[in-house]
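Visitor: quick one: sequence plus predicted model below, questions after.
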Amino acid sequence: MREVPLRLWQLIAAAVIFFLVGTHLIIMHLGDILSFFGADMGEPTAWSSVMERASSAWWTVFYGIVLAAVLYHGFLGLRNVISELSLSPAAMRVINRALIVVGIGIFAFALYIPIST
């Protein structure tokens, strides 16, 4: 029963990933559709567009949310797979803490990159 809230958050993270990555794909790769509706994004892969997004607080928050959702969803899934190995509770505590530390480290490093530019 203790796993239910974690799994619920994993499903919520999956929904966030679905909608935000879908938004990213539409903006970055389906410019013709956006142009049809009057929202011209220019050339999203041009260096000037990349640097503009990297310096935008809104895009930093957007990608930060995507990153957090992906890391949570992925690391919780990895934890669930590892827990199927029937390891001792002490080993699972070490694995849980290691996954948390690695996840926070990846999040901090990946978010530092656009903030530092």
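Guide: Here it is on my side, so go on. Numbers count the residues shown, from 1 in each chain.
Visitor: alpha carbons only for contacts and neighbour counts from here, please
Guide: Noted.
Visitor: what is the burial count for residue 29?
Guide: A count of nearby residues for residue 29, using other CA atoms under 10 Å, gives 14.
Visitor: that one and residue 22, how far apart?
Guide: As judged by CA to CA, to the nearest Å, residue 29 and residue 22 stand 10 Å apart.
Visitor: and residue 86, what element?
Guide: Assessed by DSSP states H and E, residue 86 sits outside every helix and strand.
Visitor: count of neighbours near it?
Guide: Residue 86: 9 neighbours (other CA under 10 Å).
Visitor: how near is it to residue 92?
Guide: Using CA to CA, residue 86 is found at 9 Å from residue 92.
Visitor: mind pulling up the pLDDT for residue 37?
Guide: Listed pLDDT for residue 37 reads 70.
Visitor: any buried residues in the helix or strand hosting residue 74, and which?
Guide: Element membership of residue 74, judged by DSSP H and E, is helix 57-83. For helix 57-83, the neighbour count (16 or more other CA atoms under 10 Å) marks 60, 63-76, 83 as buried.
Visitor: grab the most central residue of the chain for me.
Guide: residue 67 (2.3 Å; CA atoms, centre = their mean).
Visitor: now that one. Nearest residue, chain neighbours left out?
Guide: residue 107 (6.9 Å; CA to CA, 6 or more residues apart in numbering).
Visitor: what helices or strands is whichever strand or helix holds that neighbour leaning on?
Guide: With elements taken from DSSP H and E, the one containing residue 107 is helix 89-116. When contacts are defined as 3 or more CA pairs under 8 Å, 6 or more residues apart in numbering; DSSP states H and E, helix 89-116 packs onto helix 57-83.
Visitor: now the angle between helix 89-116 and the helix it packs on, please.
Guide: Counting by axes from the mean of the first three to the mean of the last three CA atoms, to 10 degrees, helix 57-83 lies at 160 degrees to helix 89-116.
Visitor: show me the shaky parts of the chain.
Guide: Applying pLDDT under 70 to the chain picks out residues 1, 31-32, 34, 38-42, 117.
Visitor: cutoff 80 now
Guide: 1-3, 27, 29-47, 49-54, 113-117 (pLDDT under 80).
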